[in-house]
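S.K.: Show me how the following folds:
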Amino acid sequence: MVEEDVRRVVFHFDFVSPYSWLALMQAEAFGRRHGVEWVLRPVVYAALLDASGLVGPAETSSKRNYTFHDVYRCAHRLGLRFEGPPAHPFRSIEVLRVACLFQDEPAVLSLAVQLADACWGGGRPLTEPGVLEEVTAAVGFDAQDLERRISRPEIKGLLRENTEKAVGQGVFGVPSFLFGGQLFWGHDRLSHLADCLVGKGPDDFVEARRTLDRPRGADRRRRS
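M.R.: Numbering: from 1, shown residues only. The predicted model follows:
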């Protein structure tokens, strides 16, 4: 059983993912309700996919079509306005570096929430430096000379380090949450995380191992 006083949860996200937006929009209330201290870690979703040999939903036409229907339904159930970005997928490196610049600040969750919602709720382009500066300043962070500051080698290195560490911990998608050695993937798995926080979840380390230790019976032939 996980000790109830241990509540630090690592939250991996990328603004290019609408599901990261859905998770971020629930994070503050979830944290208050369950006594969670979020440790936000911006990561490059494309690098996670590459490391796992996967492709994103936007790279397959049928999945891309389904994804945006699904996101709209999820947003509707959460009472969120869903506008979506001007183009998708979009380059998220710069906005991820903004989150990295402030990732250890107490208010970084508010910054991540506002940046994500500016895009997915408000339809604003996170590829525009002016948008990044405006949202960053509105949250209360210093946005002066932001474009130069996020271009510093140490900030680029921090995003790379976050991503590489996530890959090493078995993270393959976003949003993902790590707590007590357990990985939870997807905004719709917050209820599973809540169970784990108080030790109510199943002992899936043991149960899953029983299946994982069995041999593979067949493999799909991949096209070259």
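
S.K.: Residue 190 looks like it's in a strand, true?
M.R.: No - checked against DSSP: H, G, I helix; E, B strand; the rest coil, residue 190 lies outside a strand; its state is helix.

S.K.: Could you give the number of residues near the spatially closest residue to residue 64 that is not a sequence neighbour?
M.R.: Nearest residue to residue 64, sequence neighbours excluded (CB to CB, 6 or more residues apart in numbering): residue 58, at 4.9 Å. Any C-beta I mention is one placed from the backbone N, CA and C, and that applies to glycine too. Residues near residue 58, counting by other CB atoms under 10 Å, number 16.

S.K.: what mean pLDDT does stretch 64-78 have?
M.R.: The pLDDT scores in stretch 64-78 average 97.

S.K.: let me fix that: stretch 107-125
M.R.: Mean pLDDT, computed over stretch 107-125, is 98.

S.K.: contact partners of the worst-scoring helix or strand of the chain on mean pLDDT?
M.R.: Least confident helix or strand, the chain: helix 204-212 with a mean of 82, by mean pLDDT, DSSP states H and E. Applying CB atoms under 8 Å, 6 or more residues apart in numbering, the contact partners of helix 204-212 are 181, 182.

S.K.: rerun at 10 Å
M.R.: For helix 204-212, the external contacting residues (CB atoms under 10 Å, 6 or more residues apart in numbering) are 181, 182, 192, 196, 202, 203.
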